[in-house]
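In: Okay, here's the prediction I keep looking at, along with the sequence it came from:
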Amino acid sequence: MKHVVVSLMERKKDDPMIPHIRGLHHVTAFAGPPQTNNRFFTETLGLRRVKTTVNFDNPEVYHLYYGDAEGTPGTVITHFPAHHWKTGVRGAGEVAVTAFSVPKGSLDWWQSRVGGEVTSTFNDPRLLFPGPDGETLAVVEADDPRRGWITLPEDVAIRGFHSVALKVRDPLPTIELLSAMGYRELGVEGRTTRMIMDGPAGVIDVIGAAEEIHADSGAGSVHHIAFATPDDATQAEVRDAVVEMGLKPTEVRDRTYFHSIYFREPGGVLFEVATCDIGFDVDEAPTALGEHLKLPDQHAHLRPRLLQTLDPLPDLDLAG
Ligand code: ZN
């Protein structure tokens with residue numbers, strides 16, 4: 001990664017080597033039983049299930065998307081929930097904390113709802129609490145102009161992502177990559193370096209954990225984090241720049257609701273860069289998001305079997 005540092009020095013601060021990154025787009029994790037997953041993210045956390053589909057790369061398994069009213073980039077946590085995953089083993093090379101932004105003064109309300117422990121990171125009060133598969137989630141008090149979904153009162157509702165924390169054995173290459181993507185260092189607190197960019201969902205914490213074992217993926221593990229980029233043209237520029245840095249992005253994949261490329265960052269976390277110009281209303285009315293099992297063309301023939309094998313969910317028409 002040495003050439004990255006040199007290249008960065010030659011560029012202006014507002015001209016990142018990897019251009020057009022706009023904070024987080026979505027976060028995707030493995031999860032346990034679908035009904036448990038759906039109940040926790042829609043009822044307890046009050047998010048809207050904005051899309052019900054299957055994992056395009058493993059179509060026997062649901063892919064459930066939860067976010068704000070429209071599934072705006074920067075608000076969407078997605079899961080591959082299934083009964084058969086083993087539980088993930090926490091460690092380095094993965095996302096350690098997924099944090100949502102909530103209104104100031106709401107942490108007591110959240111603590112009485114989900115338990116957990118109130119701490120403070122970089123002067124932001126936050127509540128750490130376990131998700132349904134033992135993963136570490138958080139709500140962070142922030143001034144956030146985004147609107148929450150209607151399930152919970154507006155003065156407590158989740159606004160979208162605040163941040164994710166990446167735990168890696170050697171933080172420097174990860175920090176360099178994020179710098180190349182347009183993040184700047186806010187500061188260091190203990191073993192955590194906070195990287196930020198303007199706009200919502202613009203915070204990434206990098207935790208150095210040289211002594212930790214490598215994480216083993218399973219239920220509760222984040223599979224990847226996706227960064228937002230406006231459209232196909234900007235994504236192509238991102239991809240070229242990622243190649244130029246010696247990383248190995250995939251070809252563009254059509255995820256119906258966005259187009260994606262993937263590459264692994266030096267610390268071991270899988271990064272995706274996803275476009276923002278398609279959205280979840282491409283195949284469902286905005287008033288009915290998530291209420292039909294949507295299958296991409298290549299998996300449409302699987303519907304009769306999926307009707308038998310997928311667990312029923314509330315407000316879902318499996319027949320499409
Ligand atoms: Zn993704």
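Out: Thanks, I have it. It should be emphasised that the depicted structure is a prediction, and the values quoted were computed from it without experimental measurement.

In: Let me see the confidence value for the spatially closest residue to residue 315 that is not a sequence neighbour.
Out: Once flanking residues are discounted, residue 315 sits nearest to residue 291: 5.5 Å by Cβ to Cβ, 6 or more residues apart in numbering. For the C-beta atoms, the positions are set from N, CA and C on the backbone; glycine is no exception. For residue 291, the model assigns a pLDDT of 98.

In: Residue 64 touches residue 39, doesn't it?
Out: No. Judged on Cβ atoms under 8 Å, residue 64 makes no contact with residue 39 at a distance of 11.3 Å.

In: Among those two, which residue is more densely surrounded?
Out: Neighbour comparison, residue 64 and residue 39: the larger count goes to residue 64, with 25 against 15 (by other Cβ atoms under 10 Å).

In: Who does the more buried one form a beta bridge with?
Out: residue 52, residue 79 (DSSP bridges).

In: How about the contacts made by it?
Out: By Cβ atoms under 8 Å, 6 or more residues apart in numbering, the residues touching residue 64 are 34, 37-38, 41, 49, 51-52, 78-79, 81, 313.

In: Where neighbours are concerned, which of those residues has the most?
Out: Neighbour counts for these, by other Cβ under 10 Å, peak at residue 79, which reaches 29 neighbours.

In: quick one, what contacts it?
Out: Residues in contact with residue 79 (Cβ under 8 Å, 6+ apart) are 28-31, 37, 41, 62-64, 66.

In: biggest separation within those residues, which pair?
Out: For the contacts of residue 79, the maximum inter-member distance is 14.8 Å, found between 30 and 66 (Cβ to Cβ).

In: Could you tell me the per-residue confidence at the nearest residue to residue 216 once chain neighbours are set aside?
Out: Of all residues not flanking residue 216 in the chain, residue 89 sits nearest, at 3.9 Å (Cβ to Cβ, 6+ apart). Looking at residue 89, its pLDDT is 96.

In: Then residue 312?
Out: At residue 312, pLDDT is 96.

In: who touches it in this structure?
Out: Contacts of residue 312 (Cβ under 8 Å, 6+ apart): residue 318.

In: How about residue 42?
Out: The contact partners of residue 42, by Cβ under 8 Å, 6+ apart, come to 48-49, 66, 151, 314.

In: let's see it at 10 Å
Out: For residue 42, the contact set (Cβ atoms under 10 Å, 6 or more residues apart in numbering) comprises 48-49, 64, 66, 149, 151, 290, 313-315.

In: and the two most separated of those residues?
Out: The span of the contacts of residue 42, defined through Cβ to Cβ, is set by 149 and 313 at 16.9 Å.

In: List, one by one, the residues from this protein near the ion.
Out: When proximity is defined by Cβ under 5 Å from the ion, the chain lies next to the ion at 28, 226, 272.

In: thinking again about what came up before, which residues do residue 64 and residue 39 both contact?
Out: Common contact partners of residue 64 and residue 39 (Cβ under 10 Å, 6+ apart): residue 313.

In: I'd like the distance from stretch 232-248 to the chain centre, please.
Out: Centroid separation between stretch 232-248 and its chain, computed with Cα atoms, centre = their mean, to the nearest Å, is 20 Å.

In: swap in stretch 16-30?
Out: That offset, for stretch 16-30, works out to 9 Å (Cα atoms, centre = their mean).

In: And stretch 136-155, by the same measure?
Out: With Cα atoms, centre = their mean as the basis, stretch 136-155 stands 16 Å off its chain's centre.

In: picking that back up, my guess is the residue nearest to residue 216 contacts residue 135. True?
Out: No. Using Cβ atoms under 10 Å, residue 89 is not in contact with residue 135; the gap is 11.8 Å.

In: Which neighbouring residues are in contact with the residue in the stretch 51-200 of the chain that the ion sits nearest to, exactly?
Out: Closest contact between the stretch 51-200 of the chain and the ion, by Cβ to the ion, is at residue 78 (6.6 Å). Contacts for residue 78 (Cβ under 10 Å, 6+ apart) come out as 26-29, 31, 41, 50-51, 53, 55, 62-67, 71, 223-224, 226.

In: Go through the residues you listed and flag which are in strands.
Out: When DSSP state E defines the strands, the subset of the contacts of residue 78 inside them is 26-29, 31, 50-51, 53, 55, 62-67, 223-224, 226.
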